[in-house]
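Trainee: This is a predicted model, with the sequence first.
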Amino acid sequence: MGNDDLINHLDLSGDFIRLRLNGRPVPKLGLVLGSGLGPVADQVQDPVVIPYGDVPYFPESTVTGHAGRLVIGELEGTPVVCLQGRFHLYEGYAAHQVVFPLRALGRLGVEAFVITNAAGGINEDFSPGDLMVINDHLNLSGTNPMVGSHDDALGPRFPDMGQAYDPAFQEAAHTAAKELGLELRSGVYTVLSGPSYETPAEVRMLKLLGADAVGMSTVPEVIALRQMGLRVLGMSLISNLAAGLSKTPLTHKEVIETAERVKVDFGRLICRLVPKLQALI
């Protein structure tokens, strides 16, 4: 796809979403809800619901636990657009396809995103069910959404990643958790392409590299958003212990079950957090 085609496709997707809003303003805050975390979108009031399959040029989500739709409305009085499910490299999509919906929303007017995921815990102080604010990442996916031809309309060719995760947003998340009496971890997230889980040897390597959690998403999205100058908060649900740290085999079912167990606390935290982030935008 040429640059002109990409920009045109992004704007056509955005125009379709704007029409479906029927005069409502575009929210400034977006939420990407990862595996098992989609129920947060069920709390959105007066929602406009748009299946991904309806939006021109959006990919199709194929993963269990991802509803595959936009939910646009208000959460605790704050206008939000929720992505109930996301796209992954392991589904066969290229990195620029994985980030397409976020780029479209960014061009539409969304200015900041909370990116969530389910991740395997590498830090031995972590336990399944913990929530972690991402303070940095390691991109070990082998690709990047900016690979290929460049268009200045999406931002600089060589964007700075020194503060990929907004410090003020991180502080707001810790404040919200403290107000609710919830423990909120902080650490480095690593992405691998998947879909196989990591081997024990790979987990030992990641630990030596400084990773606290590992997953199969988020980093391409963050890179694309930061290229566009949008602000980002990353949050991981530690859904399981990484390979070699647990006595049981890893399964996607475990990820969904852990998310189900902590969805109430996660929802409370997001609801407390979004007005704070709105105030910072």
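Mentor: Sure thing, it's come through.
Trainee: buried set for the helix or strand of the chain with the lowest mean pLDDT?
Mentor: Lowest on mean pLDDT, DSSP states H and E among the helices and strands of the chain sits helix 252-280, with a mean of 86. Within helix 252-280, the residues that count as buried by 16 or more other CB atoms under 10 Å are 252, 254-256, 258-259, 262-263, 265-274, 276-278. For every residue, glycine as well, the C-beta is placed using N, CA and C.
Trainee: next one: stretch 178-195
Mentor: Buried residues in stretch 178-195 (16+ other CB under 10 Å): 182, 184-185, 187-192, 194.
Trainee: again with stretch 197-206
Mentor: Across stretch 197-206, burial judged by 16+ other CB under 10 Å covers 197-198, 202-204, 206.
Trainee: Next: stretch 233-249.
Mentor: Those would be 233-243, 245, for stretch 233-249 by 16+ other CB under 10 Å.
Trainee: Out of those residues, the closest to residue 115 would be?
Mentor: The nearest member of the buried residues of stretch 233-249 to residue 115, counting by CB to CB, is residue 234 at 5.0 Å.
Trainee: Correct me if wrong: the closest one contacts residue 119.
Mentor: No: taking contacts as CB atoms under 8 Å, residue 234 lies outside contact range of residue 119: 10.2 Å.
Trainee: joint contacts of these two?
Mentor: residue 189 (CB atoms under 8 Å, 6 or more residues apart in numbering).
Trainee: Test my guess that residue 77 contacts residue 279.
Mentor: No: using CB under 8 Å, residue 77 is not in contact with residue 279; the gap is 11.6 Å.
Trainee: all helices of the stretch 1-150 of the chain, in order?
Mentor: Using DSSP state H, counting those that start in this stretch, the helices of the stretch 1-150 of the chain run over residues 3-21, 95-98, 100-108.
Trainee: Could you say which one of those helices comes nearest to residue 144?
Mentor: Between residue 144 and the helices of the stretch 1-150 of the chain, the tightest spacing by CB to CB is seen for helix 95-98, at 6.1 Å.
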